[in-house]
Every structure is written in structure tokens, then in C-alpha cells.
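Asker: For reference, the sequence and a predicted model appear below.
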Amino acid sequence: MTVFYVNKEIGMSQRLLSLPLIAALAITVSACATKKKDLPPPPPTATTPSTPGTGLDSGTGTPPVAGVGNANIPGSAADFAAQSGTDTVLFQYDSYEIDDEARTILGKQAEWLARYPNVRVTVEGHADERGTREYNLALGDRRATAAKNFLAAQGVGTSRMTTISYGKERPVAEGSDEAAWALNRRSVTVVASAS
Amino acid sequence: MGPGLRRGDESSSEIHTPHKHPLPTLLSRCYTPAMRMIIASLALLTAFPAVAAPIRVDINSGIAQPLPIAVPGFATAAAQPTEAGTTAELGQRVAKVISDDLRSSGLFRPIDPAAFTTSVSVPDVTRPQFANWRTVAAQALVTGTVTANPDGGITVGCYAYDVFSSEELARQGFVTTAAGWRRAAHKCADLVYSRLTGETGYFDSRIVYVSETGRKTKRIKRLAVMDQDGAGHRFLTSGQNLVLTPRFAPNQQTITYMSFEGNRPRVWLYTLGSGRQQAIGDFPNMSFAPRFSPDGSNLIFSMSTGGNTDVYRLDISSRQLTRLTTQTGIDTAPSYSPDGRRIVFESDRGGSQQLYVMNADGSGQQRISFGDGRAATPVWSPRGDLIAFTRIGGGRFSIGVMKPDGSGERLLTNAYQDEGPTWSPNGRVILFFRSARGGPVDLYSVDLSGQNERKVPTPLDGSDPAWSPLLP
């Protein structure tokens, strides 16, 4: 666009600025399309983590027998969730402290991981919605790192673990109340691959 | 294709030089040659009356006394066809855009055209019948012409008058493609705003933001751009990858943002001309909260390592990475001062989120926010005089401003959750996003008086807005 200032003389104009228009918007959405994977990564399949089967006996160090009262394949993500009780550890508001309940859960996770030394995990960190976006990304990183460090202290090799923070972007509970927020302040140990 | 995915008006970058003035005889006025030279060299206003007109809008008084202003349809000698409609149709649409721009500022009250006692012909543009505008109690008049050019483009002439003194306040012409009529209208509105407030305008500018849809647990987020008034909306990314916090480069050709592409959350660049998306580096850890330096040569952002988050600077051409903060804690949301010499950021090193200022090399880190609650997401005003931020306290999230030394804090909003401010190009208006409790997420604007709060229309939910500089 050309902007000019209108002079008082008839038929005269004074061009002051040459304004090349932005060619920016000539793109189409197809230029943006990629074949990249969706987020979030697929959750552990099948069984709900919060319902441990009757065969849960993580203290014995003996893997459960597949097919007998337990449909999970040993070493699988579902087996991990079932045997550990849950893949999820909860945190207090703006905290990344591993409390007693979290220690128990992570301890079971570490036992399971000791049984399947070739399994790799990703530890996700999440925050509730009551924080600013950037801070919550960093807070999620703190939580994932805290859970990972606890697992490492229990003997899980750090080379088997990666962390990722989703900040407040991927809640599990949709509500906007304390009950929902408490569920969303969490780390989740996700079995990434088995040997 | 979604709504408004394409805009034809910016596909042509041809520069038009008007060969002869398309406007009719103009009022002659008395200017000294020196005065005209000053006006031209400062690229300010064109037609100052020899004596300053009394009409003036006090930008600090908010919406207390918006100025009644008449913006009749722009005149055309004969309705000529263009690819965007006839010049007569464009004349009406241009006036509507100008009127909407001025109204949105909260400083003007455009008079309903139904009340007008007259329409405007081409001769009226330069010789307004001021009595007709006094009868509708207009204090200012914006009028003009739309003319089709032989090459298919248009020329928009824009004139502003003080109705009571019968004085001309400003005039400017714009030569553009027919589809570029909206930008000409925004530039005319900027001229009027500038002449009547003494501030530069902000209407010819754009917004990049994150368009949101879907359930909270499976939210789909896409980068989108639109004009500051919501027109020309266009999605930039497909929604396959979670994207956050887009920010314009100073030249507006590039956007930096965070993407979870490949489950590797890090900072990316989006080139508007080509649609190219490129990660800025192969850093092993999460990088986020990026912004450009004022000269566009550097990015500042956060990177998290083992639970500790620091601010880094990346030289874009050399890819040299420099760590600017080293203290334990979360140091994030960095934003340069407009002169590029300082950076404001948030840190919880003292126990909770607070604002800190440091020199651009990381030296001299100093806390500037105090008082109750937390302070987060600071953004330095393009004027340099204020820092906008998010104040968290008492279960509420507010948008506030403070001076760079931390003094003079004022809260402009108060809601369940307001967050993520960004400045208009002239530093007078702040855009942010508001999450209703259990409800939608929307873009809002508020001016520095805190009184003119408005929802910014978006096709879907919206968050993480960033305002561009004035378009060139």
C-alpha cells in the first residue's frame, strides 16, 4: 500500500512511504499439515489403573501369570498399571514434593520396573489450571523430575527414563474445583516401550 | 478450509505511485514551507491548521466522555466496479471499519448513520457542510473518497475535520489493491486516532493467538492470525500438535512459539510467507516461553534442566546459546525492553512467582514486584514506560501494570482467571485471555484506564494472544 499526504495543490500528491504489502498470508492450511503424531501419547491400554486386580501381589517380586484372572501381558503398560496400583502420583498445590502416598506408589512402580529391566518409561508432569501457562510448564517439569529422581533412587536406571511436562495442557479431570485440580496435579509414569 | 482462511488483499505487494491526484479541488490553507517540511519529515500529520484546533481526546480519561464523531460513507464520483465490489459499496464498508475501530478504542462515540441529515458527495469531502454535522452533535467528522484506479486498485482519501471550528484536522491518501480496502480504512482510523489523541494509532495491526476447541482433557490448539478487529482470520497450524505462546518477530514475518511436535516440547519458528515450521535447536530439554529481541536477531526463552528452569538467549543466525540466569528456581516468561537493553522475567527464587529485571547479558538481576500474591507473565510496553503482568492473589487472576522499577502498580482487570497480557503497538491497550470458571476461554482487551474492557471476537476459544507492531 502506498500512503501519501494530500497537498493542497490540485492534482499533486507527495508520496512519503512505500509500503510493500505483506505477502505473508498467501499460504494455505495445507502447507501446515504434517504427518506428525497427535498429542498426548496414547495412554496405557485396556485396564483402568485405579482398579488393581485380585492377583495384585507386587510385594512378592513374582510376575503374575498371564491369563489366570489377569488379562494383562506381563511387562506391558496395562500390567505395569495393575501391578503398581496406579501409574499416577498426586501433588499438593504448587508443590513437587514426593509425599508418603507417592513414595508407596513409586516404590511399587520401581519394583515392577526392576522385574522388567528392558522396559523404558516416560514420566509426565502435569499441573492444575490455576497457574499461568509458562510457570505450569516448569512446574510440570519439576514434578516429572521429582518422580523420576525417586524412581532412580529406587534403582531404576536413568537411561530408561525420560521426562516430559504438559503443564496445565492435559488435565484428566475436567472440573474447575479443588477435587479436579487435586487429580490434575500429578505425574504419570507411562510405559513407553517393552523389550 | 475454515472460516476466513484466505485473504486476497495481501497477495500483491506491488507498490503504486499515484500519478496524479485523484481528489478534487482541495481547500487551500496557509502553511509555511518550514512547517510542511517538518510535517513531512516526521511522517506525522498533513494538514495542521495554522492554529491548533481545540478539539482533543484525553486518552487517560477512559470512556468517561467519548467524542461524538460522524463517519459517513465515503464518497465516489461514480460507482465503479472493482474486484472487491463497487467503489460505492467500498465507501460504505470503509466508513464502517473506521467507525468500528474508533468505537473499540472507547475514546470515540460514532454517531448512528441513520441520524445523518445528509449523505456525502465528492465535493462535500473537501468542503463539508459543517452545519449538517452540527445538527447531529458531531464534534468531529471523518470523510473521504474511494476511487477505482486503471490498474484495478483503489485510492482511498481520508479527511478529518473539527466540526465546531470548521477546521480540517488531517488528511491522507492510500493507494492499494481493491482487496486492501480494509487496511486503508484501518490506516484512516489510525490517522484520526493519532490526530485527536496525540498518540500513534494501533488499528492497522494483527494478532496471533492460539485457537482452542474440544474437551479440556483433549484440547486441540492451533496457531491463528487475524487483524486486530478479528477480520481476515486464518489458521496457521492444523491442530495435530499442541502449540502454545506464539509471538511476532519485529518484522512480523516470523512467529516464534512452543510446539509439542514429536513429543519434544520446544521452541519453533513459523515463517508466514512460506508456512515453514522449524525447531530453533536440538536441545535435549524442554524449551518454552520464547520471545524475540526488539531487533529480531535473538530469541529469549526458558529451558528446563532437571527440574530447574532458566532463561537463555539464542542468537538466531549463529545459533549460539547463552544462559542468562543461573539461580535455582523457575525463571521464565522473559520479555525485552523496547531498547533491547533489559529483560523482565518471572522467578520463584524468592519463594513465589515475582517479577525481576536484569540487563540483557543477565547481570544486575533485581526483583521489582512486591505486595500480596504472585506476579507473573511480564511484558514490557513498546513505549518502555510500563510492564504488564498477571497478578495472582485471593483466588483471582488480574491483569496489571507497573513501572519498570516496580512502582505505580495498577490492576486493570479482576476475574476468575485473566492471564497473558500483550500490548497494542502504541502501548495504550492490553490484550489478554480470560478463562471463565468451567467455561470458555476468550480474548479480551482493556485500555490503560482499565475501563474499556471488551471481548475480542474469535471463531473458537482463544488464548495466548500476541499483538503485532503497526503494519508497514
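Answerer: Perfect, thanks for sending it. Residues are numbered from 1 along each chain as shown, chains lettered A, B, ... in the order given.
Asker: Show me the strands in chain A, by range?
Answerer: A:2-6, A:13-18, A:88-90, A:120-126, A:161-167, A:186-193 (DSSP state E).
Asker: could you dump those to CSV with distance to B:Thr200?
Answerer: C-beta here means a position set from N, CA and C on the backbone, and glycine is covered the same way. Output for those, formatted as CSV (distance: least, CB to CB, whole Å):
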stretch, distance to B:Thr200
strand A:2-6, 14
strand A:13-18, 14
strand A:88-90, 51
strand A:120-126, 43
strand A:161-167, 36
strand A:186-193, 47
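Asker: what number of residues lie near the residue nearest to B:Ser347 when sequence neighbours are not counted?
Answerer: Nearest non-adjacent residue to B:Ser347, counting by CB to CB, 6 or more residues apart in numbering or on different chains: B:Asp331, 4.6 Å away. Residues near B:Asp331, counting by other CB atoms under 10 Å in any protein chain shown, number 27.
Asker: Could you tell me how far B:Ser121 is located from A:Ser84?
Answerer: Distance, B:Ser121 to A:Ser84, by CB to CB, to the nearest Å: 81 Å.
Asker: The two: which has the busier surroundings?
Answerer: With neighbours defined as other CB under 10 Å, B:Ser121 and A:Ser84 compare such that A:Ser84 has more, 24 against 12.
Asker: Just confirm that one contacts A:Ala114, I think it does.
Answerer: No. Contact criterion CB atoms under 8 Å: A:Ser84 and A:Ala114 do not qualify, at 11.7 Å.
Asker: Now do the helices in chain A.
Answerer: With helices called from DSSP state H, chain A shows them at A:77-84, A:100-115, A:133-153, A:178-184.
Asker: B:Ala75 is nearest to which of those?
Answerer: helix A:133-153 (48.4 Å; CB to CB).
Asker: Alpha carbons of that closest one, as PDB, please.
Answerer: This file holds the C-alpha atoms of helix A:133-153, laid out as PDB (Å, rounded to 0.1, in the frame of the first residue of the first chain):
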ATOM      1  CA  ARG A 133       0.900 -21.200  31.400                       C
ATOM      2  CA  GLU A 134       4.700 -20.800  31.400                       C
ATOM      3  CA  TYR A 135       5.100 -21.400  35.100                       C
ATOM      4  CA  ASN A 136       3.000 -24.500  34.900                       C
ATOM      5  CA  LEU A 137       5.100 -26.000  32.200                       C
ATOM      6  CA  ALA A 138       8.100 -25.500  34.500                       C
ATOM      7  CA  LEU A 139       6.100 -26.900  37.500                       C
ATOM      8  CA  GLY A 140       5.200 -30.000  35.500                       C
ATOM      9  CA  ASP A 141       8.900 -30.400  34.700                       C
ATOM     10  CA  ARG A 142       9.700 -30.200  38.400                       C
ATOM     11  CA  ARG A 143       7.000 -32.900  39.200                       C
ATOM     12  CA  ALA A 144       8.200 -35.200  36.400                       C
ATOM     13  CA  THR A 145      11.800 -34.800  37.600                       C
ATOM     14  CA  ALA A 146      10.900 -35.400  41.200                       C
ATOM     15  CA  ALA A 147       9.100 -38.700  40.300                       C
ATOM     16  CA  LYS A 148      11.900 -39.700  38.000                       C
ATOM     17  CA  ASN A 149      14.500 -39.000  40.700                       C
ATOM     18  CA  PHE A 150      12.600 -41.000  43.200                       C
ATOM     19  CA  LEU A 151      12.500 -44.000  40.800                       C
ATOM     20  CA  ALA A 152      16.200 -43.600  40.100                       C
ATOM     21  CA  ALA A 153      16.900 -43.700  43.900                       C
END
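Asker: tell me the mean pLDDT for it?
Answerer: Mean per-residue pLDDT for helix A:133-153: 98.
Asker: got the angle for that helix vs strand A:161-167?
Answerer: 160 degrees (axes from the mean of the first three to the mean of the last three CA atoms, to 10 degrees).
Asker: So the residue nearest to B:Ser347 sits against B:Ser304, correct?
Answerer: No. Applying CB under 8 Å as the test, B:Asp331 and B:Ser304 come out as separate, 10.1 Å apart.
Asker: For A:Arg103, see how far away B:Ala140 is.
Answerer: In terms of CB to CB, B:Ala140 sits 70 Å off from A:Arg103.
Asker: Settle it for me: which of those two has more neighbours?
Answerer: Neighbour totals were compared for B:Ala140 and A:Arg103, and B:Ala140 leads with 25 against 13 (other CB under 10 Å).
Asker: Just give the nearest non-adjacent residue to whatever residue of the stretch 301-450 of chain B ends up closest to chain A, would you?
Answerer: Minimum separation of the stretch 301-450 of chain B from chain A (CB to the nearest CB) falls at B:Gly307, amounting to 3.6 Å. Spatial nearest neighbour of B:Gly307, chain neighbours left out: A:Thr145 (3.6 Å); criterion: CB to CB, 6+ apart.
Asker: now B:Arg134, nearest residue through space, not along the chain?
Answerer: Nearest non-adjacent residue to B:Arg134, counting by CB to CB, 6+ apart: B:Val163, 5.8 Å away.
Asker: Point out where chain A drops to low pLDDT.
Answerer: Across chain A, the ranges flagged by pLDDT under 70 are A:5-71, A:193-195.
Asker: can you do 80?
Answerer: Applying pLDDT under 80 to chain A picks out residues A:1-2, A:4-71, A:193-195.
Asker: now swap in the stretch 1-150 of chain B and tell me
Answerer: Counting by pLDDT under 80, the stretch 1-150 of chain B contains low-confidence ranges at B:1-64.
Asker: what ranges do the strands span in it?
Answerer: Per DSSP state E, counting those that start in this stretch, the stretch 1-150 of chain B carries strands over the ranges B:67-70, B:81-82, B:85-86, B:108-110, B:140-148.
Asker: Between helix A:133-153 and the helix or strand containing B:Gly420, find me the angle.
Answerer: Secondary structure from DSSP states H and E places B:Gly420 in strand B:418-423. With the same axes, to 10 degrees as the basis, strand B:418-423 and helix A:133-153 are set at 130 degrees to each other.
Asker: near chain A, anything from strand B:418-423?
Answerer: Yes. Judged by CB under 8 Å from any CB of the partner chain, strand B:418-423 and chain A are in contact via B:419-420.
Asker: From the contact counts, what lies against that strand?
Answerer: strand B:374-380, strand B:387-393, strand B:396-402, strand B:429-435, strand B:461-467 (3 or more CB pairs under 8 Å, 6 or more residues apart in numbering or on different chains; DSSP states H and E).
Asker: show me the contacts for the residue lying closest to B:Thr82 once chain neighbours are set aside.
Answerer: Distance criterion CB to CB, 6+ apart; nearest residue to B:Thr82, sequence neighbours excluded, is B:Ala178 at 3.7 Å. Applying CB atoms under 8 Å, 6 or more residues apart in numbering or on different chains to B:Ala178 gives the contacts B:82-85, B:90, B:148, B:152-154.
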